[in-house]
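Novice: The following comprises the amino acid sequence and a computationally predicted model.
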Amino acid sequence: MKLQDFIDLDFRWFYLLVDNEIPALQDMGELELLADYSDGDSYQGDVRVAFLDRDGRCCYIEYSYGSCSHCDPFEDMDADDVRNDIFQTMVVLEKSEFVKFAASHRYLKQGLDHLVSHLFN
């Protein structure tokens, strides 16, 4: 499964992350969705998604967007800068470290039992 298979492409800027030419995503190979707490539309919202890459690393991407430069930090940036900013904040951890991260995370801790069960069973 590719990232675009489990996230709504209407989320602003997300199309920049699913470009098949991005080396970071090519290196991740097939992905497995762990959690998706994204909310929004093409106007404003938050993308919050955790996934497992082919090497068994847990990854988490989170960013917010809006409709103008006042409420969207990416508004006045070119596509490469937006993509780089989002990838620079992406969390990539081994399973046991990711569980610790998730346990203290506002959204991920909601499904912590399911996450742990999925990762270690």
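Specialist: Received it, and whenever you're ready, just let me know what you need.

Novice: What's the first helix or strand after the lowest-mean-pLDDT helix or strand in the chain?
Specialist: When the helices and strands of the chain are compared on mean pLDDT, DSSP states H and E, helix 23-28 comes out lowest with a mean of 58. Once helix 23-28 ends, the next helix or strand along the chain (criterion: DSSP states H and E) is strand 32-36.

Novice: Can you tell me the strand partners of that following strand and which way each runs?
Specialist: Strand 32-36 has its sheet partners listed here by DSSP bridges as strand 45-52 (antiparallel).

Novice: How about residues contacting the strand it pairs with?
Specialist: Applying Cβ atoms under 8 Å, 6 or more residues apart in numbering, the external contacts of strand 45-52 come out as 3, 6-7, 11-14, 31-40, 58-65, 98, 102, 107-108, 115, 119. Just so you know, the C-beta spots here come from the backbone N, C-alpha and C atoms, and that holds for glycine as well.

Novice: From the chain's centroid, how far away is that strand?
Specialist: Here the centre of strand 45-52 is set off from its chain's centre by 4 Å, with Cα atoms, centre = their mean, to the nearest Å.

Novice: before we move on, what about stretch 99-117?
Specialist: Centroid displacement of stretch 99-117 relative to its chain, using Cα atoms, centre = their mean, is 15 Å.

Novice: Go through that stretch and flag the buried ones.
Specialist: By 16 or more other Cβ atoms under 10 Å, the buried positions in stretch 99-117 come out as 99, 102, 105, 107-108, 111, 115-116.

Novice: now, which of those residues lie within helices?
Specialist: Within the buried residues of stretch 99-117, residues falling in helices by DSSP state H are 99, 102, 115-116.

Novice: Export these as a markdown table, with columns for pLDDT and distance to residue 72.
Specialist: A markdown table is the format used below for those (pLDDT from 0 to 100; distance: Cβ to Cβ, whole Å):
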| residue | pLDDT | distance to residue 72 |
| --- | --- | --- |
| 99 | 95 | 32 |
| 102 | 94 | 27 |
| 115 | 90 | 29 |
| 116 | 91 | 34 |
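
Novice: farthest-separated two in the residues you listed?
Specialist: For those, the farthest-apart pair by Cβ to Cβ is 102 and 116; their separation is 8.3 Å.

Novice: in the protein, which spans are strands?
Specialist: With strands called from DSSP state E, the chain shows them at 32-36, 39-40, 45-52, 58-65, 91-93.

Novice: With that, I have no additional questions.
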